[in-house]
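Asker: how does the following fold in three dimensions:
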Amino acid sequence: MSTQRGPRAAAIGDAAIAILAARGARGLTHRAVDQAARLPAGTTSNYARTRAALVELALARMTELETADIAPRMAAGAPADLDGFADLAAGIIHHSITAARTRMLARYELALEATRRPELRVVYDQAGQLYREGAAALLAAAGSADPQRHARMLTAFAEGIMFDTIAGAGWRHQPTVEDLRVTLREYFRAIIS
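Answerer: Sure, this is the predicted structure:
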């Protein structure tokens, strides 16, 4: 996945994310991004010539922002015990369903778009692999006997919580950080014995 550098590319990526969340994939156009980012007409197409390139730029920006959100939480290294892992995961998930809600809605739009566009599927899967690898490393440190499989399960579990809270039937019952901690402690104890 190629990433554009600089504040203007970031502004374009941020505007594309907001548009995806608010209007869906069909609302994502170069003109709409120019307007949302308050840039001169044609600026977005200078950074992302095609719609596919614009979608890739939005996904790259999402990955950049998510990595920036997670990095401070990981700065202290792997947690010392399963409760620490549950606290870490609960904080990340809670941030995703609250402060990063718009970004998550945009990510769901791109996930659906990727099911219809093989070239986006590759880029989307590469971004997702970064998170699975990080989860596998943490789970290995926690004593998982099968960190790759457990990372896939954890990712699916977390994605299910986030989707249910943001776009699913559970949107009226947003879990608190403590709700997530309790659930994740139970989950980690079940898979790591």
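Asker: give me the distance between the helix-or-strand element of the chain with minimal mean pLDDT and the centre of its chain.
Answerer: Ranked by mean pLDDT, DSSP states H and E, the weakest helix or strand in the chain is helix 118-141, scoring a mean of 88. Between the centre of helix 118-141 and the centre of its host chain there is 10 Å, according to Cα atoms, centre = their mean, to the nearest Å.
Asker: export the following helix or strand past it as CSV, just CAs?
Answerer: Next in sequence after helix 118-141, counting helices and strands by DSSP states H and E, comes helix 147-166. Only the C-alpha atoms of helix 147-166 are listed here, as CSV (Å, rounded to 0.1, in the frame of the first residue of the first chain):
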residue,chain,number,x,y,z
PRO,A,147,-1.0,-17.2,18.5
GLN,A,148,-1.8,-17.0,14.8
ARG,A,149,-5.2,-18.8,15.2
HIS,A,150,-5.9,-16.9,18.4
ALA,A,151,-5.1,-13.6,16.7
ARG,A,152,-7.6,-14.4,14.0
MET,A,153,-10.2,-15.2,16.7
LEU,A,154,-9.5,-12.1,18.7
THR,A,155,-9.7,-9.9,15.6
ALA,A,156,-13.1,-11.4,14.7
PHE,A,157,-14.3,-11.1,18.2
ALA,A,158,-13.2,-7.4,18.4
GLU,A,159,-14.6,-6.7,15.0
GLY,A,160,-17.9,-8.2,16.0
ILE,A,161,-18.1,-6.0,19.1
MET,A,162,-17.3,-2.9,17.1
PHE,A,163,-19.6,-3.6,14.2
ASP,A,164,-22.5,-4.5,16.6
THR,A,165,-22.0,-1.2,18.5
ILE,A,166,-21.4,1.1,15.6
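Asker: and the angle from helix 147-166 to helix 118-141?
Answerer: With axes from the mean of the first three to the mean of the last three Cα atoms, to 10 degrees applied, the angle from helix 147-166 to helix 118-141 works out at 110 degrees.
Asker: hmm, back to that, in the least confident helix or strand of the chain, what counts as buried?
Answerer: Applying a neighbour-count criterion of 16 or more other Cβ atoms under 10 Å, one finds 120, 123, 124, 127, 128, 131, 132, 135, 136, 138, 139, 140 buried in helix 118-141. (Glycine included, C-beta is placed from N, CA and C.)
Asker: what helix or strand is residue 34 located in?
Answerer: helix 30-36.
Asker: circling back: a markdown table for the buried residues of helix 118-141, including distance to residue 183?
Answerer: Listed next are the buried residues of helix 118-141 as a markdown table, based on distance: Cβ to Cβ, whole Å:
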| residue | distance to residue 183 |
| --- | --- |
| 120 | 32 |
| 123 | 31 |
| 124 | 27 |
| 127 | 25 |
| 128 | 22 |
| 131 | 19 |
| 132 | 20 |
| 135 | 16 |
| 136 | 21 |
| 138 | 17 |
| 139 | 17 |
| 140 | 22 |
